[in-house]
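A.B. asks: pasting the structure only:
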């Protein structure tokens, strides 16, 4: 495999942490965030996510396309979810909703509660992305395998995760080579009618060679790994991982955050959508 | 005599879905300290032999297995791959497929980690191997940032880390510039001198002989045609099938005049060169800078490639040779300067429009083949360019004829991926010709092909009528010198020499600085070729030398200058 994921966080505060902390942060943060529905608390989590993201030192210009995609995807998800859910809001009965209007054609009610619900969801997903980006771009690609192995995942699966992170950009590079090979045969990717299905059908000259080469290439890689005794017994890892004092402090704070959110979910209104009086109709 | 590291007796192997065995009745034993060169045309069974030695056959490739293969006295059928890998280290042909580590250290550690070797021991070995395989400057780098040559050395390092007794290396020189190839061979030679055994499979026999092999195994159609010492091999090897040192070719021609008579006269093809300076060039670069992301590859290139020329671009791995033509095809952006095609800037033209001028043949044909049959594959381009469907049959027929593919039975209905590599290469050429371009761009035309197939491929390309120019990128120095009317020498993203082959090779220091090295054919041409003719290939030059000798002209420097007829 010719490619590795981009390592954009080199030299940052986060890059000096034990890489297991990056994985555990994602886990703790996600489990915390999914328990919170109060926008005020969610904004606090978003702030934590932002500070954490900044500590990874990822240059914005290097990931702005990824952020644009995340923003588009998350917005679409929230919108579709709102329409499919029929304007309902968890833990709030339909007859207690403060409805502004009903969407034409589908009849979905748009209420103060559903708007706050959607907004909280949007902030949550973006906050999760903020914590997830360092996993993809600020973790040393050489550390993936050892990190997951030391988190208790079996060696074979840990290395498979490592390879997957590298397989995707390698596949993308092979795809680009095939696109170039077909472009020099006069193929214009954006040309032609026929809607989405017509377009998909026209991707055959791109997809067939890419898939065939990926399969053949994977076979060679498997051979190469077999010949170096991969997966035939217990494995050692060159990379030595050790939590330092700062790692332990951060880890304790993460666990405290998760435990607090869990307790608050049972004892306070944090698991209920917060609706400020100012936006209630009439 | 101590027990051999590998002992093969009566080995015949047929892959599960194949109708015929890939190798038949192979007998071979390899002792410690011995170097065995395996040669033969494409499809002769070399890869199958390697798989049988390293245990992939039968552990990963099922099929009918007859005979025995013993590693350190034990049958491979009874051993696990883990155990075999302690004795046999295998370097595959394509290092990009072999390298699984994200960084140089991770890649080196991969094998020992799999064997559960302690961290401190792995670290110590990395230090030793980094020195031995010249990897010290690469430590700390990501494997994705390495050049092709660096990857090959790293793949070698990954095998060295396992400290095997036998090193099996499959065409290690295929994608290397001559200097890097020399470095790799030197590492292997040192290993052999220290008592390790080496089995090297290589098409580039002339360079592989630098390894001073003890024996040569020559395979053809899965059968042993020769197994013995090097002098014996050189006496029986067919110079047309195997690239041999010029002195050997000359000796063979002298010993067997029939060979010389059978040698086809060298031709520079159908293109009569007209230098770029004498007309509007087909392709002109003016201070062009280009690269990938933040990494600039071309650092201000100025060059003019003529309408009627065969131009070969030579240089080290990663020097920007392929990037030069990718930029011309608009496949990558330029950051400065401009590129002109037939006098017009390419900035105003699409890739599809440029495809009507340049037929671009990629190094690997499998990157483009997608259709159910050859017919569909060939009409894809003309259809994209909006050519009249009424002419498709004529276009297909002409493309097949120009590449000799029309000689294959039912070629139009055959699935492209069922063709051999050499045939796929010719199909890729036919695909490019179907667009009826006046100029061909060939990226590594000889890579992955044996000597005979590569020669035949280039001869066919040069004989294509109505073709105005050919630009090729290659590591094959002799191929470039004997087929091109002009050489562009590249180093570090810049043109460092530009001129006729005879002129460019004069500066030996510059030649070596570009990771190239003088070949026996270069030396022979310098000694015997008439100055006014182009470089001659080994067979043509040898035939002429002998003809001059027979006609009474003394054989020697300056005394029997010869040229193509």
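C.D. replies: Yep, it's here. Keep in mind the model is a prediction, meaning the values are calculated, not measured.
A.B. asks: what about residue 61, helix or strand, and which?
C.D. replies: Using chain A here. helix A:60-84 (DSSP states H and E).
A.B. asks: my bad, the chain I had in mind was chain B
C.D. replies: Applying DSSP H and E, one finds residue B:61 in no helix or strand.
A.B. asks: so it makes contact with residue B:17?
C.D. replies: No - with contact defined as Cβ atoms under 8 Å, residue B:61 does not reach residue B:17; the gap is 10.7 Å. For the C-beta atoms, the positions are set from N, CA and C on the backbone; glycine is no exception.
A.B. asks: Is the helix holding residue A:61 positioned near chain B?
C.D. replies: No - judged by Cβ under 8 Å from any Cβ of the partner chain, helix A:60-84 stays clear of chain B, getting no closer than 9.5 Å.
A.B. asks: just how off-centre is the next helix-or-strand element following that helix within its chain?
C.D. replies: Next helix or strand after helix A:60-84 toward the C-terminus (DSSP H and E): strand A:99-102. The chain centroid and the centroid of strand A:99-102 are separated by 33 Å under Cα atoms, centre = their mean, to the nearest Å.
A.B. asks: circling back to that earlier point, what residues does the helix holding residue A:61 touch?
C.D. replies: Contacts with helix A:60-84, where a contact means Cβ atoms under 8 Å, 6 or more residues apart in numbering or on different chains, come from A:6, A:8, A:103, A:106, A:108, A:114, A:117-118, A:121-122, A:125-126, A:129, A:133, A:137.
A.B. asks: Scan those and report the most crowded one.
C.D. replies: Among the contacts of helix A:60-84, the one with the most neighbours (other Cβ atoms under 10 Å in any protein chain shown) is residue A:117, at 26 neighbours.
A.B. asks: tell me what the helix or strand encompassing that residue is packed against?
C.D. replies: Element membership for residue A:117, per DSSP H and E: helix A:112-137. If you count contacts as 3 or more Cβ pairs under 8 Å, 6 or more residues apart in numbering or on different chains; DSSP states H and E, helix A:112-137 packs onto helix A:19-33, helix A:39-55, helix A:60-84.
A.B. asks: Give the next helix or strand downstream of that helix.
C.D. replies: Next along from helix A:112-137, by DSSP H and E: helix A:144-150.
A.B. asks: what helices or strands is that following helix leaning on?
C.D. replies: Contacts defined by 3+ Cβ pairs under 8 Å, 6+ apart place helix A:144-150 against helix A:19-33, helix A:155-183.
A.B. asks: among these, which gets the worst mean confidence?
C.D. replies: When the helices and strands packed on helix A:144-150 are compared on mean pLDDT, helix A:155-183 scores lowest, with a mean of 85.
A.B. asks: roughly how far apart are the closest residue to chain B within chain A and residue B:368?
C.D. replies: At 3.2 Å from chain B, residue A:186 is the closest residue in chain A, using Cβ to the nearest Cβ. Distance of residue A:186 to residue B:368, given as Cβ to Cβ, to the nearest Å: 12 Å.
A.B. asks: So, low pLDDT: which residues of chain A?
C.D. replies: Along chain A, segments meeting pLDDT under 70 span A:1-5, A:190-198, A:282.
A.B. asks: Tell me the predicted confidence for residue B:395.
C.D. replies: Looking at residue B:395, the pLDDT reads 91.
A.B. asks: Just name whatever secondary elements whatever helix or strand it lives in is in contact with.
C.D. replies: Here residue B:395 sits within helix B:392-402, counting by DSSP H and E. On a contact count with 3+ Cβ pairs under 8 Å, 6+ apart, helix B:392-402 meets helix B:374-384, helix B:421-433.
A.B. asks: ok, back up a step: neighbour count winner among residue B:61 and residue B:17?
C.D. replies: residue B:61 (17 against 7).
A.B. asks: Let me know the pLDDT of the residue in the stretch 251-400 of chain B positioned nearest to chain A.
C.D. replies: Nearest residue of the stretch 251-400 of chain B to chain A, counting by Cβ to the nearest Cβ: residue B:384, 3.2 Å away. pLDDT recorded at residue B:384 is 90.
A.B. asks: tell me which element the residue nearest to it when sequence neighbours are not counted falls in.
C.D. replies: With Cβ to Cβ, 6 or more residues apart in numbering or on different chains as the criterion, residue B:384 has its nearest non-adjacent residue at 3.2 Å, and that residue is residue A:186. Using DSSP H and E, residue A:186 sits in no helix or strand.
A.B. asks: what residues are up against residue A:186?
C.D. replies: By Cβ under 8 Å, 6+ apart, residue A:186 lies in contact with B:351, B:352, B:355, B:356, B:381, B:382, B:384, B:385, B:435.
A.B. asks: Could you check how many residues crowd around residue 218?
C.D. replies: Because you didn't say which chain, this covers chain A. 15.
A.B. asks: think we crossed wires, I meant chain B
C.D. replies: Other residues lying near residue B:218 total 23 when counted by other Cβ under 10 Å.
A.B. asks: Can you point out the buried residues in the helix holding residue B:395?
C.D. replies: For helix B:392-402, a neighbour-count test (16 or more other Cβ atoms under 10 Å in any protein chain shown) marks B:392, B:395, B:396, B:398, B:399, B:400, B:402 as buried.
A.B. asks: could I get those as TSV with distance to residue B:302?
C.D. replies: Below are the buried residues of helix B:392-402 laid out as TSV (distance: Cβ to Cβ, whole Å):
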residue	distance to residue B:302
B:392	41
B:395	36
B:396	40
B:398	36
B:399	35
B:400	39
B:402	33
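A.B. asks: State the pair within those that is farthest apart.
C.D. replies: B:392 and B:402 (15.7 Å; Cβ to Cβ).
A.B. asks: what distance separates stretch A:216-224 from the middle of the whole chain?
C.D. replies: 29 Å.
A.B. asks: now stretch A:112-121
C.D. replies: 21 Å.
A.B. asks: Isn't residue B:181 up against residue B:207?
C.D. replies: Yes - proximity of residue B:181 to residue B:207 meets the contact threshold set by Cβ under 8 Å, at 5.8 Å.
A.B. asks: Where does pLDDT dip in the stretch 251-400 of chain B?
C.D. replies: For the stretch 251-400 of chain B (pLDDT under 70), the answer is B:260-278.
A.B. asks: and it, which of its residues are near chain A?
C.D. replies: B:326, B:329, B:331, B:350-352, B:354-356, B:358, B:360, B:362, B:366-371, B:380-382, B:384-385.
A.B. asks: Just the ones in helices from those, please.
C.D. replies: Mapping those onto helices (DSSP state H) picks out B:326, B:351, B:352, B:354, B:355, B:380, B:381, B:382, B:384.
A.B. asks: Just send these back as CSV, with neighbour count and distance to residue B:446 too.
C.D. replies: Converted to CSV, those look like this (neighbours: other Cβ atoms under 10 Å in any protein chain shown; distance: Cβ to Cβ, whole Å):
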residue, neighbour count, distance to residue B:446
B:326, 21, 20
B:351, 21, 26
B:352, 20, 29
B:354, 21, 25
B:355, 24, 24
B:380, 21, 26
B:381, 28, 24
B:382, 22, 28
B:384, 19, 29
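A.B. asks: farthest-separated two in the residues you listed?
C.D. replies: Spatially, the most separated pair among these is B:326 and B:382, at 23.0 Å (Cβ to Cβ).
A.B. asks: what's the closest non-adjacent residue to residue B:492?
C.D. replies: Nearest to residue B:492 is residue B:319, by Cβ to Cβ, 6+ apart, at 6.2 Å.
A.B. asks: Regarding that neighbour, what is its secondary structure?
C.D. replies: Look at residue B:319: counting by DSSP: H, G, I helix; E, B strand; the rest coil, its state is coil.
A.B. asks: check contacts around it.
C.D. replies: If you count contacts by Cβ under 8 Å, 6+ apart, residue B:319 has them with B:490, B:491, B:492, B:493, B:514.
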